[in-house]
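Trainee: model the following, please.
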Amino acid sequence: MDDVGRFAVQNDGRPAQMPEGAVPRMVMLALALAFAAPFSSLVAQQNGVQPPQQQTQQNAPATPDSESEPSSTTQQPGAGAQLHTGTSSGLDTDARLQNLLVDHQYLRVQAQLDRLPPDQARFYRGILANRSNQLEQSVQLLEPLVDNVSASGDKASEKLLRMTLAEDYLRLGAWTKAAQAYQALDDRLHASLSSGEQDEIEMPLKMLPLAKDNPPITVDPCEPFRLQVSNDPLGLVDVPVFIDARSHSWMLDPTAPFNLVSRSIARDVGLEISEKSVTIRTLTGRPIQVHSTVIPRFTIGGRLTLHNVTVFVFEDTDYAFPDSGYRVEGVLGYPALAAMGRITVSDNTILVDPAKESDPPADQDRLTTGARFYLDGDQIIVALGRAQISGADSTSQAASGGSRGDSGESDDRMFAIDAGGQQTYLTSRWFDEHAAEFNGKKMEPFSFPGMDSGPRSAYVAEDVPLAVGDKTVDLHYIPVLTQPVGSAARDDVYGVIGIDGLDQLSSYTFDYRTMRFSAKGE
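Mentor: Residues are numbered from 1 along each chain as shown. Here you go, the predicted model:
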């Protein structure tokens with residue numbers, strides 16, 4: 001999570017208006033990505049199935065800082081690239097493996113586990129289980145290591161372990177354990193946390209104590225269904241929900257770790273609101289006060305019913321926008337959406353294949369092809385193969401890149417899916433491998449989404465083929481940055497795929513039961 005707010009906010013506190021025509025795909029992408037963090041937390045508790053969060057702000061138009069072309073001496077592939085370690089000499093094993101984790105090279109970490117001492121191997125297996133959303137396995141592996149790692153004095157390893165465990169508990173809906181884990185993390189390692197990491201844990205650190213004694217969410221079995229959504233006057237996404245048979249429209253925020261409801265709605269439906277409250281700022285970018293409550297029966301889209309849904313209560317004025325006459329009734333975050341297992345987005349509709357079906361087919365139709373994806377904090381990381389730029393058919397392109405099983409020899413390139421971003425772009429890391437393709441081309445103005453980093457310029461790649469498993473899809477007219485932006489979340493991936501990129505696909509599927517992503521081109 002970035003440090004401004006959970007959805008686009010202008011300097012005067014009003015939400016930024018989205019470009020005309022961008023909303024339908026925002027609706028679908030938001031729903032699709034909302035399920036990434038925790039979807040099987042409920043299913044793991046009820047089905048025994050292994051379990052599998054940003055914002056934008058307005059920026060001034062950027063102007064080119066250079067019209068230069070890539071130089072044969074300074075801009076060739078690999079020249080001036082940021083360092084991505086993992087195999088460098090002089091690093092101890094932990095430093096090397098943790099650099100690989102930062103670099104999202106999960107298969108390379110996995111390939112080295114058999115050569116590690118038992119406790120060290122167990123540590124990294126637990127981290128990898130978290131990234132693959134196997135939450136219960138991650139907990140089982142990491143819990144026994146907490147005391148020894150804490151006593152070792154290795155602050156980097158302790159931070160990695162404690163942040164991973166806290167995230168496991170949160171996704172699983174284990175409120176008490178999650179509250180204790182985030183408090184212990186802050187008590188022991190606050191000085192070691194970056195400002196971004198402190199922002200990332202602010203909401204669970206402060207809000208979980210209000211909910212630590214709440215019962216766990218349960219979900220009723222449900223047949224697959226299509227979910228219809230609407231757009232509110234702000235251009236944001238509203239989802240139809242029912243609280244004890246009373247209809248409401250809640251704003252969808254795929255990166256919110258909690259559900260939220262306005263005080264007036266909570267009062268009208270008779271919810272019991274906690275006397276205690278906390279003040280948070282990372283939700284909207286300004287301080288707001290929240291209480292907690294539990295909704296006994298909650299239904300999404302009139303089809304999927306959940307019980308004992310923990311929500312946090314905000315004051316109506318904190319989400320009221322007089323200029324548009326709109327007041328947010330509630331915010332639907334990932335805990336309420338956790339029961340959705342596989343979603344396919346196409347033609348302004350979302351097909352939901354629930355994680356817990358009332359009459360599941362014997363063959364358990366699950367996606368086993370396509371590209372692997374992982375969860376790293378609030379990032380969704382997709383492993384895409386190196387499709388050829390030209391001169392090869394789709395079969396040979398797909399064969400030229402992609403994972404080679406579960407070995408460490410993967411040739412995948414890691415891309416981030418940006419749940420809240422309307423801009424797809426390729427990073428300097430991608431440019432380092434393709435600089436020669438831009439010889440003779442001019443750079444164009446580029447306004448970087450979500451960062452007040454000043455004017456920038458970028459090349460534009462007219463055609464970008466990407467191998468998604470054994471298929472190749474093409475994205476068109478994608479900005480290409482030539483220099484690192486100073487944000488690890490962006491510089492450590494090859495590109496960020498936002499709404500405008502997914503809008504170029506005819507359909508795409510996220511299956512969080514198998515952690516696979518598939519796509520079809522136009």
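Trainee: measure residue 305 to residue 354 for me?
Mentor: Using Cβ to Cβ, to the nearest Å, residue 305 is found at 11 Å from residue 354. For every residue, glycine as well, the C-beta is placed using N, CA and C.
Trainee: apologies, that question was intended for residue 225.
Mentor: Distance from residue 225 to residue 354, counting by Cβ to Cβ: 8 Å.
Trainee: what is the neighbour count of the residue lying closest to residue 521 once chain neighbours are set aside?
Mentor: In space, and not counting its chain neighbours, residue 521 is closest to residue 473: 4.1 Å by Cβ to Cβ, 6 or more residues apart in numbering. The local packing of residue 473 (other Cβ atoms under 10 Å) involves 22 other residues.
Trainee: now residue 473: which helix or strand?
Mentor: Here residue 473, judged by DSSP states H and E, is contained in strand 471-480.
Trainee: quick check: pLDDT value at residue 11.
Mentor: pLDDT recorded at residue 11 is 35.
Trainee: for the nearest residue to residue 304 once chain neighbours are set aside, grab phi and psi.
Mentor: Using Cβ to Cβ, 6+ apart and skipping residues adjacent in sequence, the residue nearest residue 304 is residue 222, 4.9 Å away. Note on residue 222: backbone dihedrals following degrees, to the nearest 10 are phi -150, psi 140.
Trainee: residues touching residue 186, list them.
Mentor: Counting by Cβ atoms under 8 Å, 6 or more residues apart in numbering, residue 186 makes contact with 193, 201, 205.
Trainee: what of residue 476?
Mentor: Contact analysis of residue 476 by Cβ under 8 Å, 6+ apart lists 462, 463, 464, 504.
Trainee: quick one: neighbours of the third one, just the number.
Mentor: Read that as residue 464. Neighbours of residue 464 under the rule other Cβ under 10 Å: 21.
Trainee: element containing it, please.
Mentor: Counting by DSSP H and E, residue 464 is found in strand 456-468.
Trainee: flag the shaky bits of the stretch 1-150 of the chain, pLDDT-wise.
Mentor: 1-91 (pLDDT under 70).
Trainee: please say which of residue 225 and residue 354 ends up with more neighbours.
Mentor: Taking neighbours as other Cβ under 10 Å, residue 225 and residue 354 compare with residue 354 leading, 23 against 16.
Trainee: any idea which of the contacts of residue 476 has the most stuff around it?
Mentor: residue 464 (21 neighbours).
Trainee: who are the neighbours in contact with the closest residue to that residue other than its chain neighbours?
Mentor: Counting by Cβ to Cβ, 6+ apart, residue 464 lies nearest to residue 475, which is 4.6 Å off, once chain neighbours are set aside. Listed by Cβ under 8 Å, 6+ apart, the contact set of residue 475 reads 424, 463, 464, 466, 497, 501, 504.
Trainee: return the distance of residue 475 relative to residue 161.
Mentor: As judged by Cβ to Cβ, residue 475 and residue 161 stand 37 Å apart.
Trainee: where does the protein have its least confident helix or strand?
Mentor: helix 394-399 (a mean of 36; mean pLDDT, DSSP states H and E).
Trainee: quick one: whichever helix or strand comes after it to strand 456-468, angle?
Mentor: Per DSSP H and E, the first helix or strand lying C-terminal to helix 394-399 is strand 413-417. Counting by axes from the mean of the first three to the mean of the last three Cα atoms, to 10 degrees, strand 413-417 lies at 110 degrees to strand 456-468.
Trainee: other SSEs contacting strand 413-417?
Mentor: Strand 413-417 is packed against strand 379-384, strand 495-497, with contacts defined by 3 or more Cβ pairs under 8 Å, 6 or more residues apart in numbering; DSSP states H and E.
Trainee: give me the buried positions along stretch 261-279.
Mentor: 261, 262, 263, 265, 266, 269, 271, 277, 278 (16 or more other Cβ atoms under 10 Å).
Trainee: what is the strand holding residue 464 packed up against?
Mentor: If you count contacts as 3+ Cβ pairs under 8 Å, 6+ apart, strand 456-468 packs onto strand 379-384, helix 394-399, strand 425-426, strand 444-446, strand 471-480, strand 516-521.
Trainee: near residue 246, how many other residues are there?
Mentor: Using other Cβ under 10 Å, residue 246 has 11 other residues around it.
Trainee: hang on, it packs against residue 269?
Mentor: Yes - contact criterion Cβ atoms under 8 Å: residue 246 and residue 269 qualify, at 5.9 Å.
Trainee: which SSE is residue 344 in?
Mentor: strand 340-346.
Trainee: orientation of that strand relative to strand 516-521 in degrees?
Mentor: Calculated by the same axes, to 10 degrees, strand 340-346 forms an angle of 10 degrees with strand 516-521.
Trainee: return the distance of strand 340-346 from the chain's centre.
Mentor: 16 Å (Cα atoms, centre = their mean, to the nearest Å).
Trainee: try stretch 104-120
Mentor: The chain centroid and the centroid of stretch 104-120 are separated by 24 Å, computed with Cα atoms, centre = their mean.
Trainee: how long is that stretch end to end?
Mentor: Stretch 104-120 has an end-to-end distance of 19 Å (criterion: Cα to Cα, to the nearest Å).
Trainee: equivalent analysis for stretch 351-366, please.
Mentor: Using Cα to Cα, the two ends of stretch 351-366 sit 14 Å apart.
Trainee: quick one: the helices in the stretch 251-400 of the chain?
Mentor: 263-268, 334-337, 394-399 (DSSP state H, counting those that start in this stretch).
Trainee: which phi and psi does the closest residue to residue 192 other than its chain neighbours have?
Mentor: In space, and not counting its chain neighbours, residue 192 is closest to residue 155: 5.1 Å by Cβ to Cβ, 6+ apart. The phi and psi values for residue 155, taken as degrees, to the nearest 10, are phi -60, psi -40.
Trainee: burial count for residue 155?
Mentor: Residue 155, neighbours per other Cβ under 10 Å, totals 14.
Trainee: and the pLDDT for it?
Mentor: pLDDT for residue 155: 95.
Trainee: same thing with residue 162?
Mentor: Looking at residue 162, its pLDDT stands at 98.
Trainee: who are the neighbours in contact with it?
Mentor: Listed by Cβ under 8 Å, 6+ apart, the contact set of residue 162 reads 146, 181, 184, 185, 188, 189.
Trainee: out of those, which is most surrounded?
Mentor: The residue in the contacts of residue 162 with the most neighbours, by other Cβ under 10 Å, is residue 181 (25 neighbours).
Trainee: that residue sits in which helix or strand?
Mentor: Using DSSP H and E, residue 181 sits within helix 175-189.
Trainee: hey, C-alpha coordinates of that helix in CSV?
Mentor: Extracted in CSV, the C-alpha atoms of helix 175-189 (Å, rounded to 0.1, in the frame of the first residue of the first chain):
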residue,chain,number,x,y,z
TRP,A,175,-8.0,-11.9,14.1
THR,A,176,-6.4,-12.5,17.6
LYS,A,177,-3.2,-14.0,16.2
ALA,A,178,-2.9,-11.3,13.5
ALA,A,179,-3.3,-8.5,16.1
GLN,A,180,-0.7,-10.1,18.3
ALA,A,181,1.7,-10.6,15.4
TYR,A,182,1.5,-7.0,14.1
GLN,A,183,1.9,-5.7,17.6
ALA,A,184,5.0,-7.8,18.2
LEU,A,185,6.4,-6.8,14.8
ASP,A,186,6.0,-3.1,15.7
ASP,A,187,7.3,-3.5,19.3
ARG,A,188,10.5,-5.3,18.2
LEU,A,189,11.3,-3.8,14.8
